[in-house]
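Colleague: structure, please.
(2 chains)
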Amino acid sequence: MKKLKVATVWLDGCSGCHMSLLDMDAAIISLAQKIELVYGPLVDAQEFPEDVDVTLVEGAVSSQDDLNRIQKIRQRTHLLVAMGDCAVTGNVPAMRNSIPVTRLLQCVYASGGEAKTIPSEGVPVLLKQARPLREFVTVDVSLPGCPPPSKSIAGVIAALLEGKKTESAAGVKFG
Amino acid sequence: MPPKNVSIRIDGELISAREDQTILEAATASGKHIPTLCHLAGLTPVGACRVCIVEAQGTDRLLPACTTPVHEGMSVTTSSAKLARYRRMTVELLLVERNHVCSVCVSNGHCELQSLATELGVTNVRFAFNYPKLDVDVSHPRYVLDHNRCILCSRCVRVCAELEHAHVWEVRSRGIHSRIVSDLNAKWGEAQSCTNCGKCVQACPTGALAEKGRAVEEMTKSSEKITSLARWRGAEA
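Modeller: A predicted model of the protein is given here:
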């Protein structure tokens, strides 16, 4: 059987969803036999491959870099899964949304940090607000939760392996 | 004169109800479940959230079950694809209007809006989030009012007026500018009519009203105590 090409992406989130993904105990062994992890924080690939079957995206779209990446990923992915509350609603990263970006950076770097300067090189430019994926690209499956329980993540992948696009995952909750 | 009995059909099943009952009361009495949010048994229903909408034969309008009285020969449907669609939409609109950040909310895991979203299968939100800048009133010595989590169900307004008879709470402004206010828009801690009883906190379905010092997930409430208090008062009267 051809292995399902799966990628994972970490945008503006805390990596908790990736932790949850790894937390599925023995199930991850049988899953590993059915999928090929082609891109993400857990593997080495530098460039997002062409023609990925499923991409699990953690995090909100918060910077210009996030936006560029999610648009490219959408073009190269058959099914896009918004994994976790940040990707689905904005969640914690979106709590900055009522604060102007310049004031936010001033507070974090100039007033509070040790550097006293706002970094401008090597860091992506922040967008005005951190917003959920579906405000930028088409999302095929949404899996809320902070983080989504590993069973739910496994359930969604298992369903996709059987060719089913499921959003039902009973008992899934925000938060 | 005691109220008469009427015969109605709920989801095709013939049910006997009292003519002074609402659709919701009649349905609940016969063991049927209609999802609700602003409704709290014991308080006057207001039909604020529209989650309990049902279809009734003879009208194209969807009727709120909590405020619509039954009448002889009525036939209502409590669950259909159309109702599920509208109920989900209502919950989604509530989620985008303010900042319901479940993961960091005192009521995470004990919130009626959150569990309703789960019950109705809301896994995503199709509308653009509003992300408004809203106040948190911490002036009261024992309780907190967080407008970010308020859904304007008005349970606090009703429980304070109807059971505590203090009428501290009111809704000011209109539409998206509506806010719960204490006294004449005084800070809660300065509201002289407040008796500090905390009934509003227990009645609140979300984390909008909470006890001070509660961390994430720590604010559990017992709205059923409000219901039993109301029943006890009713029986006494």
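Colleague: for A:His78, what are its contacts?
Modeller: If a contact means Cβ atoms under 8 Å, 6 or more residues apart in numbering or on different chains, then A:His78 has A:51-54 as its contacts. Where C-beta positions appear, they are placed from N, C-alpha and C, glycine not excepted.
Colleague: for chain B, state which of those is nearest.
Modeller: A:Val54 (16.7 Å; Cβ to the nearest Cβ).
Colleague: related to what we said a few turns ago, export the contacts of A:His78 to CSV and append columns for neighbour count, distance to chain B and pLDDT.
Modeller: Formatted as CSV, these follow (neighbours: other Cβ atoms under 10 Å in any protein chain shown; distance: Cβ to the nearest Cβ, whole Å; pLDDT from 0 to 100):
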residue, neighbour count, distance to chain B, pLDDT
A:Asp51, 9, 25, 95
A:Val52, 20, 21, 97
A:Asp53, 18, 21, 96
A:Val54, 21, 17, 96
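Colleague: taking these together, which two end up most distant?
Modeller: The span of these, defined through Cβ to Cβ, is set by A:Asp51 and A:Val54 at 11.5 Å.
Colleague: overlap in contacts of these two?
Modeller: Common neighbours of A:Asp51 and A:Val54 (Cβ under 8 Å, 6+ apart) are A:5, A:78.
Colleague: pLDDT below threshold where in chain B?
Modeller: Applying pLDDT under 70 to chain B picks out residues B:237.
Colleague: one more time with 90
Modeller: Chain B contains residues with pLDDT under 90 at B:1-3, B:234-237.
Colleague: repeat that for chain A.
Modeller: Checking chain A against pLDDT under 90 turns up A:1-2, A:25, A:27-28, A:107-123, A:161-172.
Colleague: if we go to 80?
Modeller: In the predicted model of chain A, residues A:1, A:112-116, A:164-171 satisfy pLDDT under 80.
Colleague: can you tell me the residue of it closest to chain B?
Modeller: For chain A, Cβ to the nearest Cβ, closest residue to chain B: A:Gly175, 2.6 Å.
Colleague: got phi/psi on the nearest residue in space to that residue that is not next to it in sequence?
Modeller: Once flanking residues are discounted, A:Gly175 sits nearest to B:Cys102: 2.6 Å by Cβ to Cβ, 6 or more residues apart in numbering or on different chains. Note on B:Cys102: backbone dihedrals following degrees, to the nearest 10 are phi -50, psi -40.
Colleague: equivalent analysis for B:Ser75, please.
Modeller: Backbone phi and psi, for B:Ser75 under degrees, to the nearest 10, turn out to be phi -130, psi 120.
Colleague: can you check the one 3 residues further on too?
Modeller: Comment: the main-chain dihedrals of B:Thr78 come out as phi -100, psi -10, following degrees, to the nearest 10.
Colleague: so A:Ala45 sits right up against A:Val9, yeah?
Modeller: No - A:Ala45 is beyond contact range of A:Val9, at 11.6 Å (criterion: Cβ atoms under 8 Å).
Colleague: shared neighbours of the two, anything?
Modeller: By Cβ under 8 Å, 6+ apart, A:Ala45 and A:Val9 have these common neighbours: A:Tyr39.
Colleague: so these two - more neighbours on which side?
Modeller: Neighbours were counted for A:Ala45 and for A:Val9 using other Cβ atoms under 10 Å in any protein chain shown; A:Val9 has more, 25 against 11.
Colleague: can you verify the more buried one is assigned to a strand?
Modeller: Yes - under DSSP: H, G, I helix; E, B strand; the rest coil, A:Val9 falls within a strand.
Colleague: relative to B:His165, how far out is whichever residue of chain B sits closest to chain A?
Modeller: Using Cβ to the nearest Cβ, B:Cys102 is the residue of chain B that sits closest to chain A, at 2.6 Å. Per Cβ to Cβ, to the nearest Å, B:Cys102 is found 34 Å from B:His165.
Colleague: can you map out the strands along chain B?
Modeller: Per DSSP state E, chain B carries strands over the ranges B:5-10, B:13-18, B:53-56, B:62-64, B:75-77, B:136-137, B:143-146, B:169-172, B:179-182, B:209-211.
Colleague: now for the shortest one, which elements pack on it?
Modeller: Helices and strands touching strand B:136-137, by 3 or more Cβ pairs under 8 Å, 6 or more residues apart in numbering or on different chains; DSSP states H and E, are strand B:143-146.
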